[in-house]
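Asker: one predicted model, sequence on top.
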Amino acid sequence: MKKRNLLITTALVGTMTLGGIAPTTFAHDALGSDINKGERHVFNLEEIERLTASFKDGSKNVSNFREAAAVQISELNGVQNNTADVYAHKGYAYLGTHTAAGGNGGVRVFDLQNPSNPVEVAVFADDIPHTWQEKVIVKSVNTPHFKGDLAAVSIQQTSRNNVNRPDSKGGVLLYDVTDPTNPQKLGFYELDRRITGTHELYLTTQGNRALVLTSSPYADYYTHGEDQDFQIIDVTDPTNPDKLWGWDPRELEEVAEDFNGYHWNSPDGKTRPVFNHSVITDNNAQHAYVSMWDLGTVIFDIKDPENPVYLGRTDYRDDQKGAAHSAALAKGGTVLIETREVANPIGDGYESAYGYTRIFDIKDKSNPVLLSEFTTDLTYDIPDSGNVSTFAKTVHDPKVHGNTLYLSYYSGGVVMVDITDPANPTQIGQYTPEQADVWGVFVDRNYILASDMGQGLKVLTRGQQGNGNGR
């Protein structure tokens, strides 16, 4: 395929321009929740100045990282897609794509042999019409049926169950990417067309067994109980994926009696949205951490993936919107990082705040204990009037490397936090490119990757490497 030349942008700017954020994305099919489906707020001059001031210091402080490269993904069939999440494996970056220009942007593969000059070398998973491919996880797998590098890709319909799009369907695509420049399709775990698809997922292994854990929001609701929000799929044979187990939030005893159409009449007197947004596992696939929005992060023992056991969940103050979006683990799996994507900071009976991060001690997984809450200058920066709903001011995804937490923050770029003491998280750096719209972040030993929805792939490297634009 056609390779693209490097596009270098100004790095680590001291100010930030927000007026160019395009209203092209939605994060969730929220089924009546307070999520505004990702509509971008148009900032006025006063707001831009306030945001700019709040980021000046952070943008200059990126610890010992500097921007090495910024490169846009190539056009596909004459269409410029937006990037979604980002993952790295064996020196290659894998970028999912979002819904701009109709979706079907596939997964983009970049060779990072020279981090200052990433080269796009392949596109895959773009063959199902009217879908988008947000999340990709790549792992080295060795099973009786497959040995090599396996990629699992989330597939979502851009218009659920549309009678005019009979070939559109959601689920999980599986590819052999042992040769990243020549991905080979292996299998497809297909969901009922009534379900939008798989929003996020995680690929893991247990010995010589490979598993995909999926998040399919409102699957039970859309299929009238025939499918579930959280599923565990056996992909030991990637050409023949097989469902092992499924779970729906109404199965939780404390929720069941007060659960109605994916809205929970919680004990605090509020009607809270509950759906499965994301899932991760620990390194040896002993536990699953399921982000169930206002039900919190739900923890399962999955040592026996055909018979998982519910252990516990995080909880919220009565005045706190839940919005458990994603999770990460720290301190050998004894600390849970929970990011909350609150786009609308205003609500009757709730605190006025955009989404921020919570950190839990989970040594006892049946009883997560809140250690701290990490906020930024954006968290309480709420306009006095006008449209206050904007994803630009909420935290998004977390990643952990050692004692450093990396948070993707839309217009805030990437925020770096010292969690040596999880009870006292401290911001130590921030990377904020111009017109930032950072969806995902991934941390490798040699670099940090950020996926900017409108600008493509950003690569940060350590020390003196890079193009010299850093600080």
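Answerer: That came through fine.
Asker: what about Gly261, neighbour count?
Answerer: The local packing of Gly261 (other Cβ atoms under 10 Å) involves 9 other residues. Heads up, the C-betas are built off the backbone N, CA and C, glycines and all.
Asker: which parts of the stretch 301-450 of the chain are strands?
Answerer: Ranges of strands within the stretch 301-450 of the chain are 309-313, 324-330, 335-340, 357-361, 369-374, 398-401, 404-408, 414-418, 426-431, 438-443, 447-452, based on DSSP state E, counting those that start in this stretch.
Asker: any chance of these in CSV, with mean neighbour count, mean pLDDT and distance to Asp237 too?
Answerer: Shown next, in CSV, are the strands of the stretch 301-450 of the chain (neighbours: other Cβ atoms under 10 Å; pLDDT from 0 to 100; distance: least, Cβ to Cβ, whole Å):
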stretch, mean neighbour count, mean pLDDT, distance to Asp237
strand 309-313, 16, 97, 26
strand 324-330, 23, 98, 29
strand 335-340, 26, 98, 32
strand 357-361, 21, 98, 36
strand 369-374, 16, 98, 41
strand 398-401, 20, 97, 30
strand 404-408, 24, 97, 34
strand 414-418, 23, 96, 38
strand 426-431, 20, 94, 41
strand 438-443, 24, 97, 28
strand 447-452, 26, 96, 31
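Asker: can you list these in a markdown table and add distance to Pro217?
Answerer: Below are the strands of the stretch 301-450 of the chain laid out as a markdown table (distance: least, Cβ to Cβ, whole Å):
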| stretch | distance to Pro217 |
| --- | --- |
| strand 309-313 | 17 |
| strand 324-330 | 12 |
| strand 335-340 | 16 |
| strand 357-361 | 21 |
| strand 369-374 | 25 |
| strand 398-401 | 20 |
| strand 404-408 | 20 |
| strand 414-418 | 26 |
| strand 426-431 | 30 |
| strand 438-443 | 18 |
| strand 447-452 | 21 |
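Asker: which one of these lies closest to Met292?
Answerer: Comparing those against Met292 with Cβ to Cβ, the closest turns out to be strand 324-330 (6.1 Å).
Asker: so which elements touch that closest one?
Answerer: Using 3 or more Cβ pairs under 8 Å, 6 or more residues apart in numbering; DSSP states H and E, the elements in contact with strand 324-330 are strand 278-281, strand 287-291, strand 335-340, strand 398-401.
Asker: quick one: strands adjacent to the third one?
Answerer: Meaning strand 335-340. With DSSP bridges as the test, strand 335-340 is paired with strand 324-330 (antiparallel), strand 357-361 (antiparallel).
Asker: contacts for that strand?
Answerer: Strand 335-340 has contacts (Cβ atoms under 8 Å, 6 or more residues apart in numbering) with 289, 291, 296-297, 314, 321-330, 355-362, 368, 371, 394-398, 400, 405, 407, 419, 422.
Asker: what does the second one give?
Answerer: Taking Cβ under 8 Å, 6+ apart as the criterion, the residues outside strand 287-291 that touch it are 213, 215, 230, 232, 276-281, 297-302, 308, 311, 324-327, 329, 333, 336, 338, 365.
Asker: spatially central, which residue of this protein would that be?
Answerer: In the chain, the C-alpha nearest the mean C-alpha coordinate belongs to Asp397, at 5.1 Å (Cα atoms, centre = their mean).
Asker: measure that one to Val415 for me?
Answerer: Asp397 sits at a distance of 11 Å from Val415 (criterion: Cβ to Cβ, to the nearest Å).
Asker: pull up the overlap in contacts between those two.
Answerer: Residues touching both Asp397 and Val415 (Cβ under 8 Å, 6+ apart): Leu407.
Asker: any stretches of the stretch 51-200 of the chain with poor pLDDT?
Answerer: Confidence mapping of the stretch 51-200 of the chain against pLDDT under 70 gives the ranges 51-64.
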